[in-house]
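K.L.:
attaching a predicted model along with its sequence, questions to come.
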Amino acid sequence: MTLPRPPHPPTSTAFRRWLLEGMDQPHQPEGFYEEERDANLHQKHPWWKVMCLTGVDYFSTLGYQPGIAALAAGALSPFATLVLVIVTLFGALPMYRRVAQESPHGDGSISMLERLLSFWPSKLLVLALLGFVATGFVITITLSAADASAHLIENPLFRTVLGGREVIVTFVFIALLGAVFLKGFKEAIGIAVVIVIVYLVLTAVVVGKGVALVIAQPGVISDWTALLGQTYASPLALIGAALLIFPRLALGLSGFETGVVVMPLIKGDAGDTEANPVGRIRSGKKLLTTAALIMSVFLLASSLVTTLLIPPQAFQPGGEASGRALAYLAHEQLGEVFGTFYDASTIAILWFAGASAMAGLLNIVPRYLPRYGMAPDWTRANRPLVLVFMGVSLVVTLAFRASVDAQAGAYATGVLALMTSAAVAVTLSAFRAGERGLGAAFVVISTVFIYTTAVTILERPEGLYIALLFIGAILFISLASRISRSTELRVERVELDGSARTMLTYPGERPLRFIANQLDAGDVQEYRLKELEVRYDTHLPPGDPVLFLEIEVVDASEFSDVVEVRGVQVGEFQILRAQGSSIPNALAAFLLQVRDLTGTPPHVYFEWGEEGPLRNALRFVVAGEGDIPPLTQEILRQAEPDVRRRPVVHVGG
């Protein structure tokens, strides 16, 4: 039976009802097939449409990746990009296909690591990883909007009007993105499909024109190979240099984590079940594979044509191709009219690249923090979260002055930290499943990502600093929320077995009376002495029968749970034994359930503890125990405002 909960405060205005829409919907933990809890959030779409939502992030990196690669690697850029493509197809892709198989409900790779641990270590690990999620996703929003601003301002039509106003233009782009998500997910996916298709078609034209020019001018290839031969003594030296430069190109690996996070939006098969959504998993793998193949082709081709056709000095900061290599080629080779159209499509996809990050944040944050009791209930609603993420993005933009280069390190750190955790998760998963060959392959992949992350952090440590700020903020806010909500009635329901129901069938008119007991020996002597002590200390009426009530804490780090109660007979004593994440919460939930079953508020009897209040408060938050009598009373007081219907707490000793 599900427990009645106190009603939420009335939403007296239409604006508040709109803002908090979806807040009262139940949250499904990992392992449950998603219910249709919100028409906007959970309407299912074909996998290729959802690919466009994640693709606005993944494919948009073509707007700046060739320029970054050329600036970092020079003539070696195509070979460094080839390393990136190899890591993408033979590292990241098989890794995330495994994540899609094992976590198809939108929790991403984080849930796989969560299941490897228990209790507080699991929760703290997830909170730390959420810090990197926030870093990667928020910087995706701000960096992409900043680059969209750069493309807009560099266009000849707007350079004079908007020059020097990068921060203001970026603010406008972020506000427009937030407005789309305040409207709903359906609109976001529709916009993403149009933007991605137009951008990929126009990019194919630019790259195709570049390839044609390279073929028509064989001298550029011979000049390039000659330069490489002068710079690197042997092919082995060239390969080694490409491997060393590869970490600087890690921005091109974005999009995989959001690809699995938004899997609940993918339409599955009619026969999909909670335990095995086969259709969704298959479509999720199609999404990941198709996106990786498309991106690999464009990365290689764009890196080659931009390296061969653009003068090296144009890639330097302030140069005409800085951060916009393909746009530079579009203007130079296809004219100002086409170049302006290409600028518009690039600006659109860069602006909307934050959509996949926003979708990921809106999907993943409500899955963990409210379930841990580490966020207010309003975080289950999308629109307040959109406003929060918009506010954070505006602050980050102001801190970085809308600079793309300044944010690149933080972006790469967030992306690589998540991919490294995913690599470790799939490695452990493969070994636990007895797949030693696959596990060994994932060890190699994990090593690559650990190396890449370490090099990136050493070269651009500001990314780690920002991630640590996010982690610190999440930990502080989460723990503060957990403490402030600690006296909520947070039990989902109470389940009684047959013996327990029989014991609670009391024919008299007097209320049922329970003695709270901490299980020790569990023999007749223990219960006889406990009853004598409690009757003496609390003046319990001698003629009234009593039942013993014992709560075992299973995992105190869980915020809400199901309390299962079973009846046990020890000699002439009847005992009800239950399991829960918090003794006071489980007691309060059980007493309210008894009240509803019998129609009369029950009485419960305690003895005072001997520990200090500070230690008791800490034990309650961390271990689910503490000074149980007053905590039980406080939970009952909050859950049942009517004192006439509230179970009665007695304390003696």
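P.N.:
Everything's here; your move. Predicted, not measured: the structure shown is a model, and the values here were computed from it.

K.L.:
could you find the closest non-adjacent residue to G319?
P.N.:
Q313 (6.1 Å; C-beta to C-beta, 6 or more residues apart in numbering). To be clear about C-beta, it is placed using only N, CA and C from the backbone, and glycine gets the same treatment.

K.L.:
now the one you found: how far from I245?
P.N.:
19 Å (C-beta to C-beta, to the nearest Å).

K.L.:
now do the residue nearest to G319 against A70, distance only.
P.N.:
For Q313 relative to A70 (C-beta to C-beta), the value is 11 Å.

K.L.:
of those two, who's got more company?
P.N.:
A70 (26 against 9; other C-beta atoms under 10 Å).

K.L.:
what's the helix or strand hosting that one in contact with?
P.N.:
Using DSSP states H and E, the secondary-structure element containing A70 is helix 65-73. Applying C-beta atoms under 8 Å, 6 or more residues apart in numbering, the set of residues contacting helix 65-73 from outside is 77, 79-81, 242, 245, 248-249, 251-252, 299, 302-303, 306-307, 310, 312, 315-316, 321-326, 408.

K.L.:
quick one, phi psi at the residue nearest to G319?
P.N.:
Backbone geometry at Q313, expressed as degrees, to the nearest 10, gives phi -70, psi -20.

K.L.:
for E610, give me the pLDDT.
P.N.:
We have a pLDDT of 59 for E610.

K.L.:
and what of E625?
P.N.:
56.

K.L.:
same question for P601.
P.N.:
So P601 comes in at 91 (pLDDT).

K.L.:
helix, strand, or coil at it?
P.N.:
coil (DSSP: H, G, I helix; E, B strand; the rest coil).

K.L.:
repeat that for the one 4 residues further on.
P.N.:
Taking three-state DSSP as the rule, one finds Y605 in the strand state.

K.L.:
count residues in the vicinity of it, would you?
P.N.:
27.

K.L.:
surely it meets L512?
P.N.:
No: between Y605 and L512 there is no contact under C-beta atoms under 8 Å: 11.6 Å.

K.L.:
mind listing the strands for the stretch 501-650 of the chain?
P.N.:
For the stretch 501-650 of the chain, applying DSSP state E, counting those that start in this stretch gives strands covering 513-516, 547-553, 561-570, 573-580, 603-607, 648-652.

K.L.:
of all these, which lies closest to T453?
P.N.:
strand 561-570 (35.6 Å; C-beta to C-beta).

K.L.:
which residues touch that closest one?
P.N.:
491-503, 522-524, 527, 554-555, 574-581, 586, 589-590.

K.L.:
quick one: mean pLDDT over that strand.
P.N.:
The model assigns strand 561-570 a mean pLDDT of 87.

K.L.:
in it, which residues are buried?
P.N.:
D561, V563, E564, V565, G567, V568 (16 or more other C-beta atoms under 10 Å).

K.L.:
direction included, what does that strand pair against?
P.N.:
strand 491-496 (parallel), strand 573-580 (antiparallel) (DSSP bridges).

K.L.:
low-scoring stretches of the stretch 151-300 of the chain, by residue?
P.N.:
Scanning the stretch 151-300 of the chain for pLDDT under 70 picks out 184-186, 251-254.

K.L.:
so which residues of it form strands?
P.N.:
Going by DSSP E, counting those that start in this stretch, the stretch 151-300 of the chain shows no strands.

K.L.:
shaky segments in the stretch 1-150 of the chain?
P.N.:
For the stretch 1-150 of the chain, the stretches with pLDDT under 70 are 1-12, 18, 21-43, 116-120.

K.L.:
returning to what we had before: mind putting the strands of the stretch 501-650 of the chain into CSV with distance to V99?
P.N.:
Shown next, in CSV, are the strands of the stretch 501-650 of the chain (distance: least, C-beta to C-beta, whole Å):
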stretch, distance to V99
strand 513-516, 45
strand 547-553, 32
strand 561-570, 27
strand 573-580, 32
strand 603-607, 47
strand 648-652, 48
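
K.L.:
ok, of the contacts of helix 65-73, which come out buried?
P.N.:
Buried, going by 16+ other C-beta under 10 Å: 77, 79-81, 242, 245, 248-249, 251-252, 299, 302-303, 306-307, 310, 315, 321-326, 408, out of the contacts of helix 65-73.

K.L.:
hey, which helix is longest across this structure?
P.N.:
helix 119-154 (DSSP state H).

K.L.:
what's the offset of that helix from the middle of its chain?
P.N.:
Centre-to-centre, helix 119-154 and its host chain are 10 Å apart (C-alpha atoms, centre = their mean, to the nearest Å).

K.L.:
where do the helices sit along the stretch 451-600 of the chain?
P.N.:
462-484, 498-503, 524-538, 583-598 (DSSP state H, counting those that start in this stretch).

K.L.:
could you pull out the buried residues of the second one?
P.N.:
If you call a residue buried by 16+ other C-beta under 10 Å, then helix 498-503 has these buried ones: S499, A500, M503.

K.L.:
quick check: F132 touching L468?
P.N.:
No: taking contacts as C-beta under 8 Å, F132 lies outside contact range of L468: 9.8 Å.
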